[in-house]
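J.: next one to model:
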Amino acid sequence: HPSSNYSLGRWSPTRPGLIMLAKVDGSIEMWDLMDSFSAPSTSQVVTTTQITSMEILQPDIVEEKDRRHPQKQHQTSMLAVGDMEGSLHVLEIPKTLSKANPNEQNVMATFFNCSNNKRAGLQSHTEKAT
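T.: Predicted coordinates for the structure are as follows:
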């Protein structure tokens, strides 16, 4: 089914466990691997045509225009998405997905090291069998 095919992906520059995947049907999936490996944390239809480019923009400190807290600041992560028709869409990444969890880098490094070791072991076993 063509709508389930991915056209590209980007790892978050600030979250080792966050990957954004663009689909040919014009939707984006955001996978927080610290939360789940079986389903995206969020998905959103961005356009009706295939997504052809995507960049995660590093968070900048932005002052909120809030009378009660005039000095309050937060990080805003943005996702720039280009589609087949040449349109640019800019989305704000949800705050819950913008901030790295404590120890996230170590957890993801351990996961990928284990995955690489399993793949290497399987590859070695396959080579011996042939």
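J.: every contact and neighbour count from this point should use C-alpha atoms.
T.: Noted.
J.: SS state for residue 108?
T.: helix (DSSP: H, G, I helix; E, B strand; the rest coil).
J.: what about it, how many residues nearby?
T.: 17 (other Cα atoms under 10 Å).
J.: that one and residue 87, how far apart?
T.: 34 Å (Cα to Cα, to the nearest Å).
J.: before we move on, what about residue 99?
T.: Counting by Cα to Cα, the gap from residue 99 to residue 87 is 28 Å.
J.: quick one: residue 80 and residue 54 touch, right?
T.: Yes: under the criterion of Cα atoms under 8 Å, residue 80 makes contact with residue 54 at 5.6 Å.
J.: quick one, strands of the protein?
T.: 6-11, 18-23, 27-32, 42-45, 51-63, 73-83, 88-92 (DSSP state E).
J.: in CSV: those, plus mean neighbour count.
T.: CSV is the format used below for these (neighbours: other Cα atoms under 10 Å):
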stretch, mean neighbour count
strand 6-11, 16
strand 18-23, 22
strand 27-32, 22
strand 42-45, 13
strand 51-63, 16
strand 73-83, 17
strand 88-92, 14
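J.: turn those strands into TSV, including distance to residue 114.
T.: What follows is the strands of the chain, written out as TSV (distance: least, Cα to Cα, whole Å):
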stretch	distance to residue 114
strand 6-11	19
strand 18-23	18
strand 27-32	18
strand 42-45	26
strand 51-63	27
strand 73-83	30
strand 88-92	33
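J.: by mean pLDDT, show me the worst of those.
T.: Note on those: lowest mean pLDDT is at strand 51-63, with a mean of 75.
J.: what is the neighbour count of residue 113?
T.: Neighbours of residue 113 (other Cα under 10 Å): 11.
J.: list the residues that contact it.
T.: Residues near residue 113 by Cα atoms under 8 Å, 6 or more residues apart in numbering: none.
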